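K.L.:
With the sequence up front, the predicted model follows.
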Amino acid sequence: MTRKSLGYVELEWTCKRCGTVNPGMQKTCTNCGAPMAESDQFELPEEQKLIEDEAKLAAAKKGPDIVCPYCGAPNPAGSESCSQCSGDLREGAVREAGKVLGAHTTAPAATVACPFCQAQISPNLPRCPNCGGDLAPKAAKPTAAPVAPARIPRWMLIAGAALLLLCCGGAAVFGLMNMRTQDVRAQVQDVSWQRTIDILEQQLVRDSNWEENVPTDAQDVSCADKYRETRSNPAPNSTEVCGTPYTVDQGGGAGEVVQDCQYEVYASFCEYQVYQWVVVTKASADGRDLQPYWPNLSLAAGQREGDRAEVYQVVFSADGQAYTYQLNDETTFSQFTPGSEWTLKVNSFGSINAVEP
């Protein structure tokens with residue numbers, strides 16, 4: 001899967017001292033001047049405009065902030081000394097990055113009324129651009145209380161466990177009954193066999209395949225593009241399919257807006273007619289003895305012999321109970337002389353698992 005970058009947006013953080021919501025790349029509070037703390041989290045703004053200013057965009061791409069090891073203030077990536085205490089940042093920790101903050105939206109932020117002049121203004125402004133009024137800082141965003149997951153009723157858990165045990169137990173019992181056998185001494189009561197040979201003839205049939213696999217002698221070929229596979233990277237004759245854009249925290253006050261994309265590849269798929277060997281009839285022979293033979297073939301012009309098949313059946317009798325045994329090996333079949341006695345390994349379902357002299 002390919003991750004495509006659509007650009008960068010500036011995030012925001014809330015000052016714990018006064019509750020003011022600040023631009024993400026601003027390292028000190030615009031209202032009270034307090035430095036951003038390492039524990040302050042970046043969040044998506046209500047209006048997520050892509051950064052267009054070249055200088056700001058370059059800063060957004062630098063990566064995560066460096067946290068001063070002396071005063072804890074965050075500094076832009078690439079800084080050598082702390083902007084708050086001038087401490088050496090070579091030992092500073094790099095701020096965590098890579099967290100997915102949520103889906104990206106291009107919708108404009110809802111305006112709010114200035115409490116002084118009632119003008120509709122953007123939220124989170126420190127002063128009203130219309131009347132200059134000092135706006136009360138936005139309260140820190142409340143953390144939603146965790147919602148306890150719905151509890152599954154106890155009776156449902158018990159019923160589910162019982163059903164699972166019943167299924168597992170049934171499968172185990174079935175396997176056990178199939179494997180457990182008893183010895184039954186029986187006589188061969190009857191034998192039978194059947195042998196068949198397919199007779200093939202070339203006929204014009206309808207078929208389909210990808211263009212590169214179409215036979216050279218195909219007729220009436222008709223091709224059209226058809227979906228063939230999905231790839232992670234761009235490919236010829238493909239359609240790009242992308243998911244919803246989302247924003248990834250870069251750790252420096254900006255978030256990268258990305259999309260995960262796949263590529264549906266299309267190729268030429270053809271329908272055509274071609275001559276193929278087709279089974280037109282079967283020659284067969286059968287009997288109720290131990291002397292099986294293959295049927296004589298009478299091939300017409302343009303016909304040929306196809307696959308051969310053979311099946312043998314032995315019926316045993318024991319205390320008035322009949323047991324049927326099928327096999328496809330002539331050598332083994334020839335040993336079952338009518339009247340001969342054998343030990344049958346009969347499972348709990350009455351089927352023969354094995355036969356021994």
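P.N.:
All right, it came through fine. Numbers count the residues shown, from 1 in each chain.

K.L.:
Mind jotting down where the strands sit in the stretch 251-357 of the chain?
P.N.:
Applying DSSP state E, counting those that start in this stretch to the stretch 251-357 of the chain gives strands spanning 254-287, 303-318, 321-327, 341-347, 352-356.

K.L.:
Any chance of the ones you listed in a markdown table with mean pLDDT as columns?
P.N.:
Converted to a markdown table, the strands of the stretch 251-357 of the chain look like this (pLDDT from 0 to 100):
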| stretch | mean pLDDT |
| --- | --- |
| strand 254-287 | 97 |
| strand 303-318 | 97 |
| strand 321-327 | 95 |
| strand 341-347 | 94 |
| strand 352-356 | 93 |
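
K.L.:
For these, give me CSV that also has distance to Gln202 and mean neighbour count.
P.N.:
Where C-beta positions appear, they are placed from N, C-alpha and C, glycine not excepted. Converted to CSV, these look like this (distance: least, CB to CB, whole Å; neighbours: other CB atoms under 10 Å):
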stretch, distance to Gln202, mean neighbour count
strand 254-287, 5, 16
strand 303-318, 9, 16
strand 321-327, 34, 14
strand 341-347, 47, 16
strand 352-356, 43, 14
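
K.L.:
Any idea which of these gets closest to Tyr246?
P.N.:
Between Tyr246 and these, the shortest gap by CB to CB is with strand 254-287, which sits at 6.5 Å.

K.L.:
Show me what that closest one is packed up against.
P.N.:
Under the contact definition 3 or more CB pairs under 8 Å, 6 or more residues apart in numbering; DSSP states H and E, strand 254-287 sits against strand 2-10, helix 54-60, strand 181-210, strand 219-231, strand 238-242, strand 246-249, strand 303-318.

K.L.:
Which positions in the third one come out as buried?
P.N.:
In this case it means strand 181-210. For strand 181-210, burial by neighbour count (16 or more other CB atoms under 10 Å) applies to 181, 184, 186, 188, 191, 193, 195-201.

K.L.:
Run a quick neighbour tally on Tyr70.
P.N.:
Neighbours of Tyr70 under the rule other CB atoms under 10 Å: 14.

K.L.:
An error on my part: the question was meant for Tyr227.
P.N.:
Using other CB under 10 Å, Tyr227 has 12 neighbouring residues.

K.L.:
so how far is Ser192 from it?
P.N.:
For Tyr227, the distance to Ser192 (CB to CB, to the nearest Å) stands at 51 Å.
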